[in-house]
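Sequence plus the predicted model coming up.
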Amino acid sequence: MSASQTAAGCAKAAPVLDFDAVIIGAGVSGLYQLYRLRELGLRARILETGSGVGGTWYWNRYPGARFDSESYTYAYSFSQELLEEWNWAERFAGQAETERYLNHVADKFDLRRDIQFNSRVAAASYYEETRSWDVALEDGRRYSTRFLITAIGVLSAATMPRIAGVESFRGQSFHTHYWPKEPVSFESKRVAVIGTGATAVQAITEIAKTVGQLTVFQRTPNWCAPLHNAKIGEDEMRRIRASYPEIFARCNESPGCFIHKPDRRRTHEVSPEEREAFWEKLYAEPGFGIWQGNFRDILTDRGANALISDFIARKIRQRVKDPVIAEKLIPKNHGFGTRRVPLESGYYEVYNQPNVKLVDINETPIERIIPTGIRTSDTEYEFDMIIYATGFDAITGTFDRIDIRGIDGVSLKDRWKDGPQTYLGVLIEDFPNMLMVMGPHAALGNFPRAVEYNVDWVTGLIRHARDRGVTRIEATAAGVAQWTDHVKASGEGLLFNEIDSWMTGVNRNVEGKQTRKIMRYSGGHPTFREHCDAVVAEGYRELALV
Ligand code: NA7
């Protein structure tokens with residue numbers, strides 16, 4: 001361990017700590033957090049499980065992985081120079097382009113010298129005597145730090161299905177999150193995909209282009225809408241670059257930080273003809289407009305939601321030739337937009353291919369994985385490859401996988417077993433000096449837009465502490481209770497909170513995650529920022545700073 005007496009570690013106890021701040025994760029959040037802490041003159045280090053930067057965009061290299069947010073809205077906005085020099089090649093960048101972008105950021109700002117790769121954090125414990133955290137890696141290395149900053153994303157703990165026999169399969173198998181760096185060929189192969197979430201929709205569409213035979217095992221269909229990706233030419237990039245300030249301003253004004261803002265009208269305010277024309281227009285436009293830029297009541301009013309669901313169902317019926325398959329692909333247990341809407345580039349047409357089969361596992365459940373393939377209640381399917389697109393233990397799952405202990409050894413996993421409780425999604429009572437970037441009960445959406453605000457807020461708090469010789473920051477019980485109540489209240493009346501999905505904390509493959517919980521702030525980003533700004537303006541109320 002190296003000895004240092006540095007910027008933040010300067011007050012009362014004056015312990016010799018390895019770092020002022022340890023950041024877990026070198027994704028979009030962690031990279032920017034490191035950049036900001038360096039500006040403060042702190043000694044910070046990122047500990048990262050992977051061997052490269054990028055987080056989500058480092059791991060999820062499955063075929064078809066790409067943005068559903070417009071590339072130019074996903075870029076960091078903090079550096080004019082970066083905005084000037086980076087050209088996006090596609091309206092919705094693929095994984096490779098995004099990974100290149102984040103590597104470029106790491107190089108440009110010389111971030112790598114403070115990033116330690118191949119370093120999975122297994123445990124972190126708070127010590128009151130030194131007001132510091134002890135962070136332990138899986139391989140036994142340990143570091144002491146004043147601040148522990150989690151930048152671990154909301155979808156980083158991949159989950160395998162609880163199906164018997166997974167280990168027995170003799171062919172190739174992959175979880176989409178852990179896709180290999182080497183190319184994988186599907187040619188002449190019999191491939192199974194389990195799952196039909198946003199990941200599967202992208203992967204299936206890409207795999208279907210070259211596969212021998214593809215069989216999709218579907219438990220719950222999702223409402224998908226067209227992405228309409230395209231290349232960005234030089235002229236378009238020039239126009240985008242010139243309008244970055246307006247683009248970012250517009251994103252910041254919208255509830256999800258997307259470029260698409262809800263239409264002020266209610267669904268029933270317009271005539272059926274006008275409604276239909278509006279929806280046709282949205283369906284033909286790129287990106288999340290049909291979800292995020294729709295009439296403002298489609299996610300709160302059951303009647304409105306039924307109408308838009310019916311519109312999308314008609315589109316599915318038009319695009320899928322076999323009416324029986326079309327019906328299977330139309331969700332029956334939730335309305336449009338109440339789960340994450342996968343954006344697609346020819347997904348429905350895949351089911352018109354003679355070499356693609358859809359298996360509804362509600363009709364014929366999977367009994368087990370066998371050495372040669374998959375056995376359902378009525379058939380044994382033989383496969384060369386099984387792809388698990390089975391999602392994540394979302395939002396709190398990555399926290400659960402680290403043994404995080406606060407005051408007197410209290411476990412964070414236990415503390416949150418009935419749902420997360422936080423102050424502004426950043427702090428937790430009894431876990432002093434631990435700060436979360438995009439933690440539970442923060443506002444989700446277009447990630448980098450939200451990340452930049454979150455990181456700046458966290459950085460501001462650390463600066464405030466440093467300037468006052470404060471070495472211990474903790475959320476108060478009252479603050480946590482207030483915020484947790486407010487987060488719950490902000491979710492009332494929203495249809496998606498009545499539906500099982502990763503956004504409501506349900507993952508049937510994980511013990512204890514079978515019932516819905518309020519996992520995220522749904523009052524919209526502008527209101528979220530108002531709350532956080534007010535806390536700063538009032539001198540960090542509801543925080544105990546000593
Ligand atoms: P999702 O959206 O959680 O999707 C996981 C899919 O896997 C979903 O269709 C699940 O069906 C299915 N699944 C999970 N377990 C099983 C079992 N045991 N049997 C059959 N099918 C199963 O994860 P994604 O990776 O697609 O997307 C996550 C987010 O990443 C996405 O929203 C983007 O924002 C990026 P279910 O719906 O549970 O019936």
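Structure's in. What do you need? Numbers count the residues shown, from 1 in each chain.

alpha carbons only for contacts and neighbour counts from here, please
Noted.

How about the residues of the stretch 401-546 of the chain by the ligand?
With the criterion set to C-alpha under 6 Å from any ligand atom, the stretch 401-546 of the chain comes near the ligand through residue 502.

should've said the chain
Going by C-alpha under 6 Å from any ligand atom, the residues of the chain near the ligand are 161-162, 194-200, 219-220, 340, 389-392, 502.

Of these, select the buried ones using a ChimeraX command.
Command for ChimeraX that selects the buried part of those, burial taken from 16 or more other C-alpha atoms under 10 Å:
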select :161,194,195,196,197,198,199,200,219,220,340,389,390,391,392,502
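
List the buried residues for the helix or strand hosting residue 381?
Assigned by DSSP states H and E, residue 381 belongs to strand 380-382. By 16+ other C-alpha under 10 Å, the buried positions in strand 380-382 come out as 380, 382.

list the helices and strands the helix or strand following that strand packs on?
As assigned by DSSP H and E, the chain's next helix or strand after strand 380-382 is strand 385-388. Packing partners of strand 385-388 (3 or more C-alpha pairs under 8 Å, 6 or more residues apart in numbering; DSSP states H and E): strand 172-175, strand 190-194.

Among these, pick out the one with the most neighbours on average.
A comparison of the helices and strands packed on strand 385-388 by mean neighbour count, using mean count of other C-alpha atoms under 10 Å, puts strand 190-194 on top with a mean of 24.

And it, what does it pack against?
So strand 190-194, by 3+ C-alpha pairs under 8 Å, 6+ apart, packs with helix 198-207, strand 213-218, strand 385-388.

Minimum distance to residue 122: which of the ones you listed has it?
strand 385-388 (25.0 Å; C-alpha to C-alpha).

What strands flank the closest one, and is each parallel or antiparallel?
If you go by DSSP bridges, strand 385-388 pairs up with strand 172-175 (parallel), strand 190-194 (parallel).

ok, residues contacting the shortest one?
When you say that, I think you mean strand 172-175. 158, 160, 384, 385, 386, 387, 388, 389, 390 (C-alpha atoms under 8 Å, 6 or more residues apart in numbering).

Dump those into TSV; add pLDDT and distance to residue 34 as well.
Below are the contacts of strand 172-175 laid out as TSV (pLDDT from 0 to 100; distance: C-alpha to C-alpha, whole Å):
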residue	pLDDT	distance to residue 34
158	98	25
160	98	32
384	98	43
385	98	40
386	99	38
387	99	35
388	98	33
389	98	32
390	98	32
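
Just give me the closest of these to residue 423.
residue 158 (26.3 Å).

who are the neighbours in contact with the closest one?
Contacts of residue 158 (C-alpha under 8 Å, 6+ apart): 175, 177, 390, 391, 392, 393.

In strands, which of these fall?
Among the contacts of residue 158, DSSP state E puts residue 175 in strands.

Partner strands of the strand holding residue 381 and their direction?
Strand 380-382 sits in its sheet next to strand 373-376 (antiparallel), going by DSSP bridges.

Scan the protein for its longest strand.
Max-length strand for the chain by DSSP E is strand 142-150.

Indicate each strand paired with it and its parallel or antiparallel sense.
Using DSSP bridges, strand 142-150 pairs in its sheet with strand 19-24 (parallel), strand 132-137 (antiparallel), strand 434-436 (parallel).

need these in JSON lines with mean neighbour count and mean pLDDT, can you?
Shown next, in JSON lines, are these (neighbours: other C-alpha atoms under 10 Å; pLDDT from 0 to 100):
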{"stretch": "strand 19-24", "mean neighbour count": "26", "mean pLDDT": "98"}
{"stretch": "strand 132-137", "mean neighbour count": "22", "mean pLDDT": "98"}
{"stretch": "strand 434-436", "mean neighbour count": "26", "mean pLDDT": "98"}
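
and the gap between residue 113 and residue 100?
Per C-alpha to C-alpha, to the nearest Å, residue 113 is found 18 Å from residue 100.

Same check on residue 462?
From residue 462 to residue 100 the distance is 30 Å (C-alpha to C-alpha).

and if you look at residue 16?
37 Å.

Please apply the same query to residue 265.
To residue 100, residue 265 is 40 Å away according to C-alpha to C-alpha.

Tell me which of the two has more neighbours.
Using other C-alpha atoms under 10 Å, the more surrounded residue of residue 265 and residue 100 is residue 100, with 15 against 12.

Determine the three-state secondary structure at that one.
Secondary structure state of residue 100, per DSSP: H, G, I helix; E, B strand; the rest coil, is helix.
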